[in-house]
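[1] Prediction below, plus the sequence it came from.
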Amino acid sequence: MSHRLALIVFVVLVVGGGLVIGYLTAPGDWYAALEKPSFNPPSWVFAPAWTLLYVAIAIAGWRAWKSDSPRWPMRLWWTQLALNFLWSPVFFAAHRIGLALLVISLLLATILAFIAVSWRQDRVAAWLFAPYAAWVSFASLLNASILALN
């Protein structure tokens, strides 16, 4: 597969997967009724933020895939993607706030591990995950606060 085609596949997989998960597990009445912390962002922030993050995640994954380095970055990349796609069904569909906090904590640890492992081999891929790490750190705090309030 050409590198350009592979990049398109990565973007379609990540952005498309995120859109499908978001559509299938859209926040509904249950989420609207939850107590939320004062720092909870308005709903309109999430779609553009995640879209930009998903593009960066896809590019980082593509860069890890095309590299000749050891396979740990790709293993971590696939793990974070699985955890990322798992969080919304656990939180929004299953209404398991505590279990979602565990999932997002594992996600953050995996993101940080990807950054650490990639740093030596591909700093661009590592930097592409920096905003993702910041957002998931914030989302973890938000998840923990919602758990505490409810």
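    Perfect, I can see it now.
[2] Number of residues surrounding residue 114?
    Residue 114 sits with 28 neighbouring residues when counted by other CB atoms under 10 Å. Where C-beta positions appear, they are placed from N, C-alpha and C, glycine not excepted.
[3] Then residue 63?
    The number of residues packed around residue 63, counting by other CB under 10 Å, is 21.
[4] ok, now which ones touch it?
    Under the criterion of CB atoms under 8 Å, 6 or more residues apart in numbering, the neighbours of residue 63 are 122, 124, 125, 128.
[5] got a pLDDT number for it?
    pLDDT, the model's per-residue confidence, is 94 for residue 63.
[6] can you give me the helices in the chain?
    Under the criterion DSSP state H, the chain carries helices at the ranges 3-24, 29-33, 46-66, 72-88, 97-121, 123-128, 130-149.
[7] quick one on the thing from earlier: and the contacts of residue 63, which are buried?
    Taking 16 or more other CB atoms under 10 Å as the criterion, what is buried in the contacts of residue 63 is 122, 125, 128.
[8] quick check, nearest of the residues you listed to residue 27?
    Each of the buried ones among the contacts of residue 63 was scored against residue 27 by CB to CB, and residue 128 proved nearest at 27.1 Å.
[9] I figured that closest one was touching residue 54, is that so?
    No: with the criterion set as CB atoms under 8 Å, residue 128 and residue 54 do not qualify as a contacting pair; they are 11.2 Å apart.
[10] first vs last residue of stretch 26-42, how far apart are they?
    Stretch 26-42 has an end-to-end distance of 15 Å (CA to CA, to the nearest Å).
[11] what about the nearest residue to residue 114 once chain neighbours are set aside, how many neighbours?
    Excluding the flanking residues, the one nearest residue 114 by CB to CB, 6 or more residues apart in numbering is residue 76, at 4.2 Å. Other residues near residue 76 come to 23 when the count uses other CB under 10 Å.
[12] Give me the distance between residue 76 and residue 28.
    32 Å (CB to CB, to the nearest Å).
[13] again with residue 42
    17 Å.
[14] So for the two, which residue has more residues nearby?
    When neighbours are counted by other CB under 10 Å, residue 42 and residue 28 differ, and residue 28 comes out ahead with 10 against 6.
[15] list the contacts for residue 139?
    Under the criterion of CB under 8 Å, 6+ apart, the contact list for residue 139 reads residue 104.
[16] Many thanks, have a good one.
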